[in-house]
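Participant: Here is a sequence together with a model predicted from it:
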Amino acid sequence: MSGFVEKPEPIQVPGLVHLHTGKVRELYRDAAGDLVMVASDRISAYDWVLPTEIPDKGRVLTQLSLWWFDQLRDLVPNHVISTELPKGAPADWAGRTLVCKSLDMVPVECVARGYLTGSGLAEYQESRTVCGLALPAGLVDGSELPGPIFTPATKAEVGEHDENVSYEEVARQVGAETAAQLRQSTLAVYARARDIARDRGIVLADTKFEFGFDGDTLVLGDEVLTPDSSRFWPAETYEPGHAQPSYDKQFVRDWLTGPDSGWDRKSEQPPPALPEQVVADTRAKYIEAYERLTGTRW
């Protein structure tokens with residue numbers, strides 16, 4: 001069992017039709033047919049959307065995505081139309097709302113990995129492959145790969161877990177031409193972002209993108225290169241051979257699986273509320289990632 005501990009009721013705004021409540025975002029459609037994406041302060045871990053929010057998280061994700069879209073616009077178009085609040089929207093939506101093109105989304109999580117960790121490490125330790133791609137012997141947790149690899153996954157519903165799939169399976173599902181476009185765009189964006197992050201003292205270990213079509217044009221959608229969708233490691237402490245400190249929700253994961261939470265991850269019980277210190281530490285990590293990458297104060 002997993003999903004929302006407490007599923008929120010979406011805010012109703014005249015002129016907007018609510019479409020979907022995601023782990024973090026609320027999706028609406030406006031009168032022009034465009035999508036309105038509102039990033040909340042919700043946080044998820046172990047396939048649960050937790051009952052405790054992280055203040056400013058939605059704004060960090062939105063503003064960091066906008067910054068990255070600017071860095072990448074010569075490589076691939078993005079879905080952003082405007083950051084103006086829809087008429088009648090709550091003032092609290094400011095800074096966390098994007099008006100976007102309505103795309104024909106490709107049902108694939110486009111994952112790029114430049115370093116070995118996470119589910120990729122687990123597969124490598126069993127078969128010396130990641131998503132069926134053979135890798136050299138002798139790699140350890142945190143090893144930089146010989147070159148970035150495209151390791152797609154299925155896109156899961158809230159409460160379900162994304163499953164890694166082979167490139168061949170993606171080609172079977174969406175067609176060979178689209179699969180090739182997804183792989184080329186994913187690796188090109190990752191390489192650009194990796195170099196930008198490296199110049200700012202951050203290792204971009206891996207990340208995931210979502211793409212859709214605007215007519216015949218492949219467009220980068222959703223959020224991009226945030227601590228929710230990426231593993232960012234501080235370069236000054238990077239050392240292969242063990243788990244790396246990360247600019248993400250690791251404080252949340254560690255507390256949930258530690259003795260203080262009283263929660264058994266393998267049980268069917270929902271996780272408890274987060275203590276104030278875990279919330280503060282997690283918020284600080286998100287903001288630190290934003291400031292180091294963009295070079296601007298939050």
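Facilitator: Yes, it's here.
Participant: Just the residues contacting the lowest-mean-pLDDT helix or strand in the chain, thanks.
Facilitator: Of all helical and strand segments in the chain, the minimum by mean pLDDT, DSSP states H and E falls on strand 153-154, at a mean of 88. Strand 153-154 has contacts (Cβ atoms under 8 Å, 6 or more residues apart in numbering) with 107-109, 111, 162-165, 208. For the C-beta atoms, the positions are set from N, CA and C on the backbone; glycine is no exception.
Participant: From these, list just the buried residues.
Facilitator: 108-109, 111, 162, 164-165, 208 (16 or more other Cβ atoms under 10 Å).
Participant: Which two among the residues you listed are spaced furthest apart?
Facilitator: Across these, the longest distance by Cβ to Cβ is 13.0 Å; it joins V165 and K208.
Participant: ok, now how distant is the residue nearest the centre of the chain from R29?
Facilitator: The C-alpha lying nearest the average C-alpha coordinate of the chain belongs to S229 (Cα atoms, centre = their mean; 1.8 Å). Computed as Cβ to Cβ, to the nearest Å, the S229 to R29 distance reads 23 Å.
Participant: One more: A289?
Facilitator: 31 Å.
Participant: okay, those two: which has more neighbours?
Facilitator: Using other Cβ atoms under 10 Å, the more surrounded residue of A289 and R29 is A289, with 24 against 16.
Participant: helix, strand or coil for the more buried one?
Facilitator: For A289, the assignment made with DSSP: H, G, I helix; E, B strand; the rest coil gives helix.
Participant: Show the pLDDT at the closest residue to V99 other than its chain neighbours.
Facilitator: In this structure, V99 finds its nearest non-sequential neighbour in S82, 4.2 Å apart by Cβ to Cβ, 6 or more residues apart in numbering. Note on S82: pLDDT of 97.
Participant: any idea how far the least confident helix or strand of the chain is from the chain center?
Facilitator: What separates the centre of strand 153-154 from the centre of its chain is 13 Å, taken as Cα atoms, centre = their mean, to the nearest Å.
Participant: again with stretch 58-69
Facilitator: 11 Å.
Participant: Mind listing what's buried along it?
Facilitator: Quick answer for stretch 58-69 (16+ other Cβ under 10 Å): 58-69.
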